[in-house]
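> Sequence and predicted structure are below.
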Amino acid sequence: MKHLYDKDVVSGLMFLALGALGLGLSLQFDFGATARPGPGFFPTVLSTLLILIGLGVSVIGLLRPVVNYTRIGWRPFVYVTLAVVIFALSIDRFGLIPSVIATTITASLAKTNFGLAARLITAAALAGFSAVLFIGLLGLPIDLWSF
């Protein structure tokens, strides 16, 4: 019974449940064929993959010995969640570059042994990559800077 509280088993069951929900919802759309996929093709395939991943992660968690955790890592949870909120609130107001930099620096605070130089280099690299990918290659209508 201890295995049911293992993080791998719980996360696998979560993937399994979300995949089953997505699969159930995608069945209302026309599946189509591989050559001409319908609107239900992509969600059905993704949901099926999510179910398979959930089964795999759960089985791996059931086969491994139980690990007892002594404490919950709140720091990563708080900083990564805060980073997502910062990005959502800043992308329209400040633009892509400042939002990605702020998000990256905030998310990097989740790890204590990550130096300032590494944080700044990572933030600059991700901001540049995001600009090239989303604006340059994909042509999304996002402002680089909008102060």
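Thanks, I have it.
> Tell me the spacing between V57 and I91.
Taking Cβ to Cβ, to the nearest Å as the criterion, V57 is separated from I91 by 32 Å. (C-beta placed from N, C-alpha, C; glycine too.)
> Might you report the residue contacts of the closest residue to T44 other than its chain neighbours?
Leaving aside its sequence neighbours, T44 sits nearest to S26 (Cβ to Cβ, 6 or more residues apart in numbering; 4.5 Å). Going by Cβ atoms under 8 Å, 6 or more residues apart in numbering, S26 touches 40, 43-44, 47.
> quick check: mean pLDDT across the longest helix along the chain?
Across the chain, the longest stretch assigned as helix under DSSP state H is helix 41-63. Averaged across helix 41-63, the pLDDT comes to 90.
> where does the chain have low pLDDT?
Scanning the chain for pLDDT under 70 picks out 1-5, 66-70.
> where along it do the helices fall?
With DSSP H as the criterion, the chain has helices spanning 7-26, 41-63, 74-94, 96-108, 116-130.
> Of all the ones you listed, which one is nearest L138?
helix 116-130 (10.4 Å; Cβ to Cβ).
> Can you mark which positions in stretch 125-140 are buried?
Neighbour counts using 16 or more other Cβ atoms under 10 Å place 126-127, 130-131, 134-135 of stretch 125-140 among the buried residues.
> And for stretch 97-112?
Buried-residue list, stretch 97-112, by 16+ other Cβ under 10 Å: 97-110.
> and the two most separated of the buried residues of stretch 125-140?
Maximum distance among the buried residues of stretch 125-140 (Cβ to Cβ): 13.8 Å, for L126 and I135.
> The residue nearest to L25 when sequence neighbours are not counted: what's it in contact with?
Leaving aside its sequence neighbours, L25 sits nearest to P43 (Cβ to Cβ, 6+ apart; 7.2 Å). P43 makes contacts with 22-23, 25-26, 29, as judged by Cβ under 8 Å, 6+ apart.
> Including distance to F77, could those residues go into TSV?
TSV is the format used below for the contacts of P43 (distance: Cβ to Cβ, whole Å):
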residue	distance to F77
G22	25
L23	29
L25	28
S26	30
F29	35
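> Buried ones from these, can you make that a ChimeraX selection?
In ChimeraX, a selection of the buried entries from the contacts of P43 looks like this (16+ other Cβ under 10 Å):
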select :22,23,26
